[in-house]
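> Below is the sequence, then the predicted model.
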Amino acid sequence: EFVSKVNPDEFSIAQDAKYLIYDVNFGEGFNLRRDVYMRIANTVRLLRESGQNYILVLPPWGRLFHWDRQRIGLPWSTFFDVESLNHFVPVVEFRDFLKATSNSPIQQILYLQHYEEGWGDEYIMKFDERKCIQTPSTSQYRKNSKSEEWDGWFFGFKDVHAESFKCVSIQGDSGTLKNLVLKNFSEASSILIDRAETILHEHYGDVNYWRVRRSMRYSEQLRNAANEFRREYLDPNSDINLENDWRNQKKEKSSRTTKGGEYLGVHWRRRDFVTARGKDLPTIEETAKILTKLADELKVSKVYLATDAIDEEVEKLEKLLVEKRKLEIFRFQNYEDFNDGQIAIIDQWICAHAKFFIGSYESTFSFRIQEDREILGFPIETTFNRLCPNSEKQCEQPAKWKIVYN
Ligand SMILES: C[C@@H]1O[C@H](OP(=O)(O)OP(=O)(O)OC[C@H]2O[C@@H](n3cnc4c(=O)[nH]c(N)nc43)[C@H](O)[C@@H]2O)[C@@H](O)[C@H](O)[C@@H]1O
């Protein structure tokens, strides 16, 4: 069963296989975590390019503070097409890793941290094994005085332990992490890198950024749900063809001729974002003004609303949009069959197919939609747009991170 997860034609799971597992700071949201996956997958790619047979172990999902309906231990197949991920670097689900290694202890935990003394005068790429800077999440790892092994959260799985635990201060990117593993820990057959968000992308927006991003196709179940909803309620003629295998997708898509469906896609981020970034977001009234103006310009009467707003706020916005222009608002709300993360992805995939998309300032949820639209081949001006805090005035628009192909 394990071997079948990794396509034997592409990557050999030989005796020399080594496993790289990672985890992310508890407080980070879903879409930042998706970005951390890309950084670590590139570390694994670099390790493999240096001749080491590393396999990336996918950290189970759950325990995200934005998700109301909590479950833990969710495999990546809940959200993504794992076979497609596997075409970038070999990946296994955590439960399959445990099976493959017969639950033997993880050999090394590396807990990444910053340098206690700060950056210094300039940002230099470096790493050093250091004393742990104690934080609540460092102390979740404890040495069991009887077994001499380390206990920890390990995604809520039972009977998982580690042989050794070390803190490493690091400043750097996917490449720096590769150097750390190669230089200091190449003997370990399994390593868990915790606080993996500490490292950056090696080259933000380069070919390998986009290759790994393109490999992150959503699961068939979620794509189907989004596509059916779009065809039924928004625009029956809004399919966009992509190659079945992302590796066969060639540059033609960058001719940017994709039209999308006859609706406006909106990501309206609320809740904690209003507290964190309130001054960069429009009020409900301003949002209604922006959307009605846009709908007029685009000559569309349908709005697909992706949002985490509470019902009262959505009702208020809907009322304003209907009063002003009789716009029809659509939302995907099948909470019975899909969990919070799945609905988030369905929302994103529907927004990705809209004629025009407008998102919320610096929300990673909006960023992932913009990337999907780059992959789908939309003209730039239909994608990199944000809701301005003052509907009367222009505001700085999102950075245009354009897709590149090899
Ligand atoms: C202020 C910062 O904001 C950052 O959020 P930001 O980048 O928007 O992006 P996310 O971290 O993905 O957003 C947080 C979560 O909110 C829900 N959510 C937000 N917008 C939508 C939506 O349109 N549809 C659905 N279905 N769900 C939504 C979803 O569960 C998502 O995982 C946080 O990660 C940071 O922790 C911090 O709070």
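Yes, it's here.

> what about the helices in the protein?
2-5, 30-49, 82-85, 94-100, 174-184, 207-215, 220-229, 272-277, 284-298, 311-325, 340-352, 364-376 (DSSP state H).

> Quick check: end-to-end length of stretch 343-360?
18 Å (Cα to Cα, to the nearest Å).

> In the chain, where's the longest strand?
For the chain, the longest strand by residue count, based on DSSP state E, is strand 162-171.

> Does anything pack onto that strand? Which helices or strands?
Judged by 3 or more Cβ pairs under 8 Å, 6 or more residues apart in numbering; DSSP states H and E, the packing partners of strand 162-171 are strand 106-113, strand 126-130, strand 150-151, helix 174-184. Bear in mind the C-beta positions are built from the backbone N, C-alpha and C, glycine included.

> Using JSON lines, please lay out the helices of the chain together with mean neighbour count.
As requested, those are exported to JSON lines (neighbours: other Cβ atoms under 10 Å):
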{"stretch": "helix 2-5", "mean neighbour count": "14"}
{"stretch": "helix 30-49", "mean neighbour count": "21"}
{"stretch": "helix 82-85", "mean neighbour count": "19"}
{"stretch": "helix 94-100", "mean neighbour count": "19"}
{"stretch": "helix 174-184", "mean neighbour count": "20"}
{"stretch": "helix 207-215", "mean neighbour count": "21"}
{"stretch": "helix 220-229", "mean neighbour count": "17"}
{"stretch": "helix 272-277", "mean neighbour count": "14"}
{"stretch": "helix 284-298", "mean neighbour count": "18"}
{"stretch": "helix 311-325", "mean neighbour count": "15"}
{"stretch": "helix 340-352", "mean neighbour count": "23"}
{"stretch": "helix 364-376", "mean neighbour count": "23"}
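
> Would you mind giving those helices as TSV with distance to the ligand and mean pLDDT added?
Output for the helices of the chain, formatted as TSV (distance: least, Cβ to the nearest ligand atom, whole Å; pLDDT from 0 to 100):
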stretch	distance to the ligand	mean pLDDT
helix 2-5	26	38
helix 30-49	3	98
helix 82-85	19	98
helix 94-100	20	96
helix 174-184	21	98
helix 207-215	15	98
helix 220-229	12	98
helix 272-277	4	94
helix 284-298	13	96
helix 311-325	11	93
helix 340-352	4	98
helix 364-376	3	97
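
> so which of the ones you listed comes closest to residue 237?
helix 220-229 (12.3 Å; Cβ to Cβ).

> what inclination does the closest one have with respect to helix 340-352?
Going by axes from the mean of the first three to the mean of the last three Cα atoms, to 10 degrees, helix 220-229 is angled at 50 degrees with respect to helix 340-352.

> just checking, residue 327 touches residue 305?
No - counting by Cβ atoms under 8 Å, residue 327 does not reach residue 305; the two are 10.1 Å apart.

> Distance of residue 154 relative to the ligand?
22 Å (Cβ to the nearest ligand atom, to the nearest Å).

> Contact partners for the spatially closest residue to that residue that is not a sequence neighbour?
Nearest residue to residue 154, sequence neighbours excluded (Cβ to Cβ, 6 or more residues apart in numbering): residue 160, at 3.9 Å. Neighbouring residues of residue 160 by Cβ atoms under 8 Å, 6 or more residues apart in numbering: 98, 103, 105-106, 152, 154.

> Equivalent analysis for residue 298, please.
264, 355-356.

> Tell me the predicted confidence for the closest residue to the ligand within the stretch 51-200 of the chain.
Closest contact between the stretch 51-200 of the chain and the ligand, by Cβ to the nearest ligand atom, is at residue 66 (3.5 Å). At residue 66, the model reports a pLDDT of 89.

> So what does the closest residue to it other than its chain neighbours look like in phi/psi?
Closest residue to residue 66 apart from its sequence neighbours, by Cβ to Cβ, 6+ apart: residue 29 at 5.7 Å. The phi and psi values for residue 29, taken as degrees, to the nearest 10, are phi -80, psi 180.

> Would you quantify the distance from residue 29 to residue 68?
14 Å (Cβ to Cβ, to the nearest Å).

> Among the two, which residue is more densely surrounded?
residue 29 (17 against 10; other Cβ atoms under 10 Å).

> For residue 304, which residues are in contact?
Per Cβ under 8 Å, 6+ apart, neighbours of residue 304: 230, 234, 263-266, 330-331, 350-351, 354.

> Let's see that with 7 Å instead.
234, 263, 265-266, 330, 350-351, 354 (Cβ atoms under 7 Å, 6 or more residues apart in numbering).

> before we move on, what about residue 42?
So residue 42 contacts 174, 202, 208, 212 (Cβ under 7 Å, 6+ apart).

> In TSV: the helices of the chain, plus distance to residue 124.
As requested, the helices of the chain are arranged in TSV below (distance: least, Cβ to Cβ, whole Å):
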stretch	distance to residue 124
helix 2-5	39
helix 30-49	19
helix 82-85	32
helix 94-100	34
helix 174-184	10
helix 207-215	23
helix 220-229	42
helix 272-277	31
helix 284-298	44
helix 311-325	46
helix 340-352	37
helix 364-376	27
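
> Can you check which of the ones you listed gets nearest to residue 394?
Of the helices of the chain, the one closest to residue 394 (Cβ to Cβ) turns out to be helix 284-298, at 11.4 Å.

> Now do the closest one: distance to the chain's middle.
Here the centre of mass of C-alpha atoms in helix 284-298, compared against the chain's by Cα atoms, centre = their mean, to the nearest Å, lies 29 Å away.

> The contacts of residue 304 in strands, which ones?
Using DSSP E, the contacts of residue 304 in strands are 263, 265-266, 330, 354.
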